[in-house]
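[1] Predicted coordinates and the sequence they were generated for:
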Amino acid sequence: MRDPVLALWLAPCAALVAAPVGGTTYFTVEQAQAALFPGAQMTPHPVTLTPGQVKAIEKASDTRVREKTVKVWRASSGGWFYLDQVIGKHELITYGLALDAQGVVRGIEILDYRETYGGEVRDPKWRAQFVGKKMGSPLHLDVDIVNLSGATLSSRNITTGVRRLLATHALVVGKP
Amino acid sequence: MCQRAQPWLGTLVSIRVEAASSVAAQAIGAAFDEIGEIHRRMSFHDPDSELSRLNATAHRAAQAVSSHLYRVLSASLALARASGGSFDPTVGRVLVERGHLPAPAGDAPDPGARWRDVSLSTDGRVRFRRPLWLDLGGIAKGYAVDRAIACLRRQGVAAAVVNAGGDLRSFGVRHTVWVRDPADPGGGVPLLETRNAAVATSAGYFNENPPHPAIVEPQTGAGLGDDGSVTVCARRAIWADGLTKVVLAHPAGSVSLLRRLGASAVLLDRDGGRHHVS
């Protein structure tokens, strides 16, 4: 903590964040739901896809369906919250998708971002800061690895995931 | 401390702020609204965006544009002029040809069209002298970061960092910027420490379309950034973002422009070499 501003900056988040270097947790499921559907009650609406539904979704969205269990909540204010994960070449991203009652995208929030390879920082001097700290120390917050096209790939993977969820919603979950 | 991340502008945008939690939530929400609006106006992919409509029509008649688009276009043309065309927002045609952007419907662009064929009038209208495709992917992220920072300041937060996939700006907090190591992009190296400044990095690693780098020299179409990365530090993210392409194209030739804009650059190469410009 080299200056008071930085100290202030880090102090309040100790309780909030538990992320190793190379990954960041932005929101819990409840926080994401509260941000996307302020004040609404969220009711779980779990769905398990049949093999026929999987095929139909894959055809409609031109993406692979890896997970038969769809994590969905219904908002008391109208609308739906989907919890999903996309796996890229270098990263694992958990995100939430909010749809309105008509099935139109209302918002997307990243809950968790993790580098799946080598996201660790190699500089020994810097790593020494962590000696004696627990894994998950919020110290990483004074560092930003400028993310470059890695983030572009991630964003493309999310776009593909959203396409799959929109097909899932249209063909299964939101079907009247 | 509060942080959120959302996908916008073809990348992940993260915002974190230091403020009381009620202020923080509202401030971050407002900043993302602003970024979302800029995304919708400047998307090349969305045929209904303001930019796409401009690309389809401005060679036939002058078009009125929003203040967001006007500001980004003025900055783009200023940078094009100052860099002798190393930065050129009419690069859309080349990027479509290389498969980095989808081809818009409508009239094909003139292969000879350059930034000089775009004219802005003081009443906020834009006219193309020949059909062309503007792409603001090399500068709009920087602009969005600047606007998000301005929005957070207005909302009364004490400190903030906005990072749009490599375009980063902060205030109120001193902060070490790490960049990926071109020799091994899975790891990072500490590059500089900033306070109240903007930093942008451009590089060719992670390109998914290897024979065709996603960053090109607008005049020759040559691919850039294969050998390493360029990081520019400037007061505003819009300049940092735009200048990375100028420095990638002509590292030595960009010294005077960097100085004029109060910016500096660091080049990292694949062999671990580090070169400071300006």
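    Looks like it arrived, so ask away.
[2] Direction included, what does the host helix or strand of residue A:107 pair up with?
    In this structure, residue A:107 sits in strand A:105-115 according to DSSP states H and E. Next to strand A:105-115 in the sheet, as set by DSSP bridges, lie strand A:23-25 (antiparallel), strand A:91-99 (antiparallel).
[3] can you give me the helices in chain A?
    A:4-10, A:29-36, A:51-61, A:124-128, A:148-168 (DSSP state H).
[4] and residue 50, what are its phi and psi?
    Using chain A here. Backbone torsions of residue A:50, given as degrees, to the nearest 10, read phi -80, psi 160.
[5] bridging residues for the nearest residue to residue B:53 once chain neighbours are set aside?
    Among residues not flanking residue B:53 along the chain, residue B:63 sits closest, at 7.5 Å (Cβ to Cβ, 6 or more residues apart in numbering or on different chains). In this view, the C-beta of every residue, glycine as well, is placed from N, C-alpha and C. Beta-bridge partners recorded for residue B:63 (DSSP bridges): residue B:126.
[6] Domains in chain B, by residue range?
    Here the domain parsing of chain B from automatic domain parsing is B:1-44+B:137-157, B:53-128, B:174-277.
[7] Ends of the longest one, what's the gap?
    Meaning domain B:174-277. Chord length of domain B:174-277, first to last residue, is 23 Å (Cα to Cα, to the nearest Å).
[8] Quick check: mean pLDDT of that domain?
    Mean pLDDT, computed over domain B:174-277, is 80.
[9] Would you confirm that residue B:202 contacts residue B:229?
    Yes. At 6.7 Å, residue B:202 and residue B:229 qualify as touching, with contact defined as Cβ atoms under 8 Å.
[10] ok, how many other residues are close to the residue nearest to residue B:53?
    Other residues lying near residue B:63 total 18 when counted by other Cβ atoms under 10 Å in any protein chain shown.
[11] For it, give its distance to residue B:11.
    28 Å (Cβ to Cβ, to the nearest Å).
[12] Quick check: which element contains residue B:39?
    helix B:21-42.
[13] Convert the C-alpha atoms of the helix or strand just after that helix to CSV, please.
    Later in the chain than helix B:21-42, the nearest helix or strand by DSSP H and E is helix B:50-57. Only the C-alpha atoms of helix B:50-57 are listed here, as CSV (Å, rounded to 0.1, in the frame of the first residue of the first chain):
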residue,chain,number,x,y,z
GLU,B,50,-25.6,5.2,-37.0
LEU,B,51,-22.2,4.4,-38.5
SER,B,52,-23.7,1.8,-40.9
ARG,B,53,-26.3,4.2,-42.1
LEU,B,54,-23.6,6.8,-42.7
ASN,B,55,-21.5,4.3,-44.6
ALA,B,56,-24.5,3.5,-46.8
THR,B,57,-25.6,7.1,-47.6
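[14] Helix B:50-57: how far from the chain's middle?
    Taking Cα atoms, centre = their mean, to the nearest Å, the mean C-alpha location of helix B:50-57 is offset from the chain mean by 19 Å.
[15] next one: stretch B:97-108
    20 Å.
[16] Can it be said to contact chain A?
    No. Stretch B:97-108 lies out of reach of chain A by Cβ under 8 Å from any Cβ of the partner chain, never closer than 10.7 Å.
[17] Could you work out the end-to-end span of that stretch for me?
    Stretch B:97-108 end-to-end distance (Cα to Cα) = 11 Å.
[18] same question for it, mean pLDDT?
    90.
[19] Of all the residues in that stretch, which ones are buried?
    Across stretch B:97-108, burial judged by 16 or more other Cβ atoms under 10 Å in any protein chain shown covers B:98, B:100, B:101, B:104.
[20] Can you tell me the centre-most residue of chain B?
    Nearest to the mean C-alpha position of chain B, by Cα atoms, centre = their mean, lies residue B:139 at 2.6 Å.
[21] how about that one, what does it touch?
    When contacts are counted by Cβ atoms under 8 Å, 6 or more residues apart in numbering or on different chains, residue B:139 touches B:72, B:75, B:76, B:79, B:87, B:89, B:238, B:241, B:242.
[22] immediately after the helix or strand hosting the last one, which helix or strand?
    In this structure, residue B:242 is located in helix B:237-249 according to DSSP H and E. Secondary structure here is assigned by DSSP H and E; on that basis, the next helix or strand after helix B:237-249 toward the C-terminus is helix B:255-260.
[23] which residues are in contact with that following helix?
    Under Cβ under 8 Å, 6+ apart, the answer for helix B:255-260 is B:82, B:83, B:232, B:243, B:246, B:247, B:264, B:265, B:277, B:278.
[24] Mind checking the helices of chain A for the one nearest to residue A:73?
    helix A:29-36 (6.6 Å; Cβ to Cβ).
[25] So which bits of the closest one are buried?
    Neighbour counts over helix A:29-36 (16+ other Cβ under 10 Å) mark A:31, A:32, A:33, A:35, A:36 as buried.
[26] wait, doesn't the last one sit right on residue A:100?
    No. The pair residue A:36 and residue A:100 fails to qualify as a contact (Cβ under 8 Å) at a distance of 10.4 Å.
[27] rewinding a little: going by distance to chain A, which of the contacts of helix B:255-260 wins?
    Nearest to chain A among those is residue B:232, at 11.1 Å by Cβ to the nearest Cβ.
[28] What count of nearby residues applies to the closest one?
    Counted with other Cβ under 10 Å, residue B:232 comes out at 31.
[29] Could you check which helix or strand contains it?
    Assigned by DSSP H and E, residue B:232 belongs to strand B:228-234.
[30] from the chain's centre, how far out does that strand sit?
    With Cα atoms, centre = their mean, you get 12 Å for strand B:228-234.
[31] Also stretch B:165-178?
    Relative to its chain's centre, stretch B:165-178 lies at 16 Å (Cα atoms, centre = their mean).
[32] list the buried ones in it?
    Buried-residue list, stretch B:165-178, by 16+ other Cβ under 10 Å: B:165-175, B:177-178.
[33] what are the ranges of the helices in the stretch 51-200 of chain B?
    For the stretch 51-200 of chain B, the helices defined by DSSP state H, counting those that start in this stretch cover B:67-82, B:92-97, B:140-154.
[34] taking those helices together, which one is wrapped up most tightly?
    Comparing the helices of the stretch 51-200 of chain B by mean neighbour count (mean count of other Cβ atoms under 10 Å in any protein chain shown), helix B:140-154 comes out on top with a mean of 24.
[35] what residues does that one touch?
    Helix B:140-154 is contacted by residues B:8-9, B:11, B:13, B:15, B:17, B:27-28, B:30-32, B:34-35, B:38-39, B:42, B:68, B:71-72, B:75, B:160, B:162-171, B:198, B:200, B:236-242 when judged by Cβ under 8 Å, 6+ apart.
[36] cool, and stretch B:25-40?
    Under the contact criterion Cβ under 8 Å, 6+ apart, stretch B:25-40 has outside partners A:35, B:2-4, B:6, B:8-9, B:13, B:15, B:17, B:19, B:46, B:49-50, B:68, B:140, B:143-144, B:147-148, B:151-152, B:155-157, B:160, B:162, B:164.
[37] Thank you kindly, that will do.
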